[in-house]
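[1] Quick one, structure for this:
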Amino acid sequence: MPQCDMRRQKGRMLFREAGNRELPTIILLHGGGVSWWSLQPIVELLKDSYHVVTPVIDGHGEDGDTTFISIEDSADKLLGYIDSQCGGSVFALGGLSLGGQIATEVLSQRHDVARFAILESALVIPMKGTVAWTVPLTKMSYGLIKQRWFSKLQAKSLFVSEDMFELYYRDSMRVTERSLINITVSNGNYELKSGIGKTAAKALIIAGEKELAIVRKSSQLLSDTIPHSNLHIAKGMKHGELSQANPGEYVGLLRALFES
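    Residues are numbered from 1 along each chain as shown. So this is what the prediction gives:
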């Protein structure tokens with residue numbers, strides 16, 4: 001399979017990579033509020049067997065100056081990268097939360113884009129009635145994200161380890177208010193597309209047992225809609241806790257998926 005080349009092209013996402021480009025390519029997308037570095041423990045466990053690519057979603061990390069537009073816009077940019085650098089398809093595609101939504105959109109748009117898919121805590125049922133009040137709340141709380149004490153609370157909720165806190169805090173200072181609002185709106189309004197039912201990818205759907213009910217329902221909907229899929233409920237875990245706090249267990253599930 002053609003391998004990804006590490007380049008940033010005009011109008012495209014920023015991509016990080018690890019591992020030999022001759023190995024099968026896995027693309028993993030981080031969740032909202034963090035960046036590629038949140039996936040490093042997972043990358044370290046996979047890079048000897050796979051070529052691992054970790055995009056930086058617009059508005060995050062080093063791309064804080066690039067305004068996040070929408071999940072669909074990010075999916076289009078990722079598809080453009082896969083087409084130009086990966087020969088149109090990859091071995092596996094996955095993501096957490098916002099990253100899971102983008103991965104879901106990519107799979108919905110092209111049935112043969114990946115052989116395997118890993119979708120963790122991806123919200124695909126619109127949160128009707130909540131976006132209207134979350135946008136004003138986001139505007140009101142924007143200043144707080146630049147406060148160190150608030151960032152520590154947020155980092156804890158996102159399972160950011162202490163040794164990665166400075167990276168998290170640095171990136172929190174970079175996100176713009178417009179990106180934060182657009183992320184909130186796109187995340188809350190995203191609805192599963194019918195094209196996902198045609199994907200050829202064999203999918204692992206992950207949700208924490210202590211997720212919000214609507215996220216658990218979204219995971220069940222994904223499992224019911226994707227022809228070749230398996231739903232894994234992470235016992236006793238919260239949103240993103242499996243991959244972010246238990247990378248070894250997460251990678252074990254991925255390897256089992258790839259070998260099945």
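
[2] quick one: the helices in the stretch 101-250 of the chain?
    Assigned by DSSP state H, counting those that start in this stretch, the helices in the stretch 101-250 of the chain fall at 131-141, 148-157, 165-172, 177-189, 213-225, 241-245, 247-259.

[3] ok, G94 touching H30?
    No: between G94 and H30 there is no contact under Cβ atoms under 8 Å: 10.7 Å. Where C-beta positions appear, they are placed from N, C-alpha and C, glycine not excepted.

[4] Compare neighbour counts for the two and give me the winner.
    G94 (28 against 25; other Cβ atoms under 10 Å).

[5] quick one: the residue nearest to that one when sequence neighbours are not counted from I205, how far?
    Ranked by Cβ to Cβ, 6 or more residues apart in numbering and with sequence neighbours excluded, the top spatial neighbour of G94 is I118, at 3.1 Å. Here I118 is placed at a distance of 8 Å from I205 (Cβ to Cβ, to the nearest Å).

[6] got it, and M127?
    19 Å.

[7] Give me the below-cutoff pLDDT ranges for the protein.
    Across the chain, the ranges flagged by pLDDT under 70 are 1-12, 131-132.

[8] Check the secondary structure at the residue nearest the centre of it for me.
    For the chain, G99 is the residue whose C-alpha lies nearest the centre (Cα atoms, centre = their mean; 1.8 Å). Following DSSP: H, G, I helix; E, B strand; the rest coil, we place G99 in the helix state.

[9] what's the closest of the helices of the stretch 101-250 of the chain to S35?
    helix 165-172 (5.4 Å; Cβ to Cβ).

[10] Just grab the bridge partners of the residue nearest to G94 for me.
    G94, L204 (DSSP bridges).

[11] buried set for the longest helix anywhere in the chain?
    If you go by DSSP state H, the chain has its longest helix at helix 71-85. Across helix 71-85, burial judged by 16 or more other Cβ atoms under 10 Å covers 71-79, 81-82, 85.
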